[in-house]
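Asks: below is the sequence, then the predicted model.
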Amino acid sequence: LVVRRDKIGDTLLTLPAVTQLKRYFPKSEIVFLCAPSLLPLVEGATDKLSPDELKSFQVAIVLWEKEGLSRKLLFNRVPLRFGLVSKLESVLFLNCGTCQKRSLGEKSEAEYNLDIVDQVAKHVKKPLLDRKFSITLSVSIPEKQKAEAIISGLNLKEKQFTIFHPGQAGSALNFTAEKY
């Protein structure tokens, strides 16, 4: 179980971690629990979305503590609970936590998430894999047509541009120009 129940950008930057988990554990079912409004964006990235109950999982990776989820995982007897140790809930209820100073902005969100996935691999004595950054989104035909119309209107040619989203909610220091 991979959990990321907050903002759209952070959830999308969790997808490389999901991909890496699939590489480490190709025979395992990867289930993604995210905010209901973000389900269409992550559909297709995992085997299953938003489980009905937590009792069936052997491993959970909490990439953002919200709504007492770490506590719920403990009370539902999920044996291995990995994640970011930053809030009291996560300190008390994750038994395989990773301390990170995300607020310093030393890495991208995707890299911090991959660090936690690497901890899962280390725990079961798997050799660390190289990191692959890829984010694949499922989009409907109308959404794709709308995006193509916008791109066409801007006289941009396919694969000749980059979409950059520098926004943040203020919980972390912003990257320096050199890091961008």
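Replies: Now that the structure is in, tell me what you want to look at.
Asks: ok, and for the lengthiest helix in the chain, which residues are buried?
Replies: If you go by DSSP state H, the chain has its longest helix at helix 109-123. Using 16 or more other CB atoms under 10 Å as the test for burial, helix 109-123 gives 109-110, 112-114, 116-118, 120-121. Glycine gets a C-beta too; all of them are placed from N, C-alpha and C.
Asks: which elements pack onto that helix?
Replies: With contacts defined as 3 or more CB pairs under 8 Å, 6 or more residues apart in numbering; DSSP states H and E, the packing partners of helix 109-123 are helix 15-24, strand 59-62, strand 80-85, strand 96-99.
Asks: gap between the third one and the chain center?
Replies: The gap between the average C-alpha position of strand 80-85 and the chain average comes to 13 Å, counting by CA atoms, centre = their mean, to the nearest Å.
Asks: now that strand against helix 109-123, angle please.
Replies: Interaxial angle, strand 80-85 versus helix 109-123 (axes from the mean of the first three to the mean of the last three CA atoms, to 10 degrees): 140 degrees.
Asks: quick check: mean pLDDT of strand 80-85?
Replies: Rounded to a whole number, the mean pLDDT of strand 80-85 is 92.
Asks: measure how buried D130 is and give me the count.
Replies: 6 (other CB atoms under 10 Å).
Asks: cool, A35 as well?
Replies: 16.
Asks: cool, and K101?
Replies: By other CB under 10 Å, neighbour count at K101 equals 12.
Asks: now swap in L94 and tell me
Replies: Residues lying near L94 (other CB under 10 Å) number 24.
Asks: that one against V62, yeah?
Replies: Yes - when contacts are counted by CB atoms under 8 Å, L94 is listed as touching V62 (6.5 Å).
Asks: what is in contact with those two at once?
Replies: Common neighbours of L94 and V62, using CB atoms under 8 Å, 6 or more residues apart in numbering, are 70, 81-83.
Asks: pLDDT score assigned to the residue lying closest to E43 once chain neighbours are set aside?
Replies: Distances taken as CB to CB, 6 or more residues apart in numbering place S138 nearest to E43, at 4.9 Å, with adjacent residues excluded. pLDDT recorded at S138 is 70.
Asks: and the one 3 residues further on, by the same measure?
Replies: At I141, the predicted lDDT confidence score is 89.
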